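Engineer: Quick one: sequence and predicted model below, then my questions.
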Amino acid sequence: MAVRVQEADFDVGAELDSLTKGNRRIGGLAVFVGLVREMHVREGLHRDRIDALTLEHYPGMTEKALEEIEAEAHRRWPLEGSLIVHRYGRMEAGERIVLVAVGSPHREAAFEACEFLVDWLKTKAPFWKLEETPKGEQWVAAHEGDDAAAARWEK
Amino acid sequence: MKVRYFAWMKRTVGVAEEELAPPAEVRTVGDLVTWLRGRSPGHAEALAEGAAFGAAVDQRTATFDVPIAGAREVAFFPPFTGG
């Protein structure tokens, strides 16, 4: 189990290698990589392209929140290893924001736990996105679909 | 106790954090919100009734009925948008 919050980019291949190295019980590794995507926002007749954002977080609480959801995944599924790396700071379209990787003897648990971790970290870890538009900066509003996705894992 | 604000709330309040000593009758997160609204127009706007924001007491998400006695740090923030 490991959680890292960092400004720097990460090397997906190297991260996965170190996660599985030495653990021969892992039969399936499910991986999610979140990227900054180029977006368009419309205001009346005007369309703006957003091609960078800044992620703010709450140092201290962020790590605790991520460790808690990771521990919850280990309670729910038989996992052999897991890793969450989440970046903060300024990122441009195409850059990696987050890596979630989960290893288990079998693929079902790995897929499910990976999806669970992504759904919960979006709604339970203290990160906020500030988008850069040609007109200035704009805080991203929470997405109802994310709450619904997180809620299906409540029990 | 230290009170911290994040994302747009930090800009609306005008400071990222402040060291405060609320009076004894301020017992819960909700009481603190009401008390903070009186500090400045920025506080009143950021912490307005109906504004969408959450709180944490000592870096754990907290509902407004959670007591703040003995807390070192209370934070207010908009809904999370990470991932």
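Structural biologist: Cool, got the structure. Numbers count the residues shown, from 1 in each chain, chains lettered A, B, ... in the order given.

Engineer: residues touching residue 68, list them.
Structural biologist: Using chain A here. residue A:124 (Cβ atoms under 8 Å, 6 or more residues apart in numbering or on different chains). Heads up, the C-betas are built off the backbone N, CA and C, glycines and all.

Engineer: The intended chain is chain B.
Structural biologist: Contacts of residue B:68 by Cβ under 8 Å, 6+ apart are B:1, B:22, B:26, B:27, B:28, B:29, B:31, B:32, B:57, B:74.

Engineer: Can you get me a residue count around residue 66?
Structural biologist: Just so you know, I chose chain A. The local packing of residue A:66 (other Cβ atoms under 10 Å in any protein chain shown) involves 26 other residues.

Engineer: actually chain B
Structural biologist: By other Cβ under 10 Å, the residues close to residue B:66 number 18.

Engineer: Nearest residue to it in space, please, no chain neighbours.
Structural biologist: residue B:29 (5.1 Å; Cβ to Cβ, 6 or more residues apart in numbering or on different chains).

Engineer: pLDDT score assigned to the closest residue to chain B within chain A?
Structural biologist: At 2.6 Å from chain B, residue A:127 is the closest residue in chain A, using Cβ to the nearest Cβ. pLDDT for residue A:127: 97.

Engineer: residues in contact with residue B:44?
Structural biologist: Applying Cβ under 8 Å, 6+ apart, the residues near residue B:44 are B:37, B:38.

Engineer: still on that earlier bit, which residues are in contact with the residue nearest to residue B:66?
Structural biologist: Listed by Cβ under 8 Å, 6+ apart, the contact partners of residue B:29 are B:55, B:57, B:62, B:63, B:64, B:65, B:66, B:68, B:74.

Engineer: next one: residue A:90
Structural biologist: Taking Cβ under 8 Å, 6+ apart as the test, what residue A:90 contacts is A:52, A:53, A:54.

Engineer: What pairs with the one helix or strand the last one maps to, parallel or antiparallel?
Structural biologist: Read it as residue A:54. Per DSSP states H and E: residue A:54 is located in strand A:52-57. Its sheet considered, strand A:52-57 pairs with strand A:89-92 (antiparallel), strand A:127-133 (antiparallel) by DSSP bridges.

Engineer: got the contact list for the last one?
Structural biologist: Where contact means Cβ under 8 Å, 6+ apart, the residues beyond strand A:127-133 that reach it are A:39, A:41, A:48-57, A:62, A:86, A:88, A:137-140, B:6-7, B:77-78, B:80-83.
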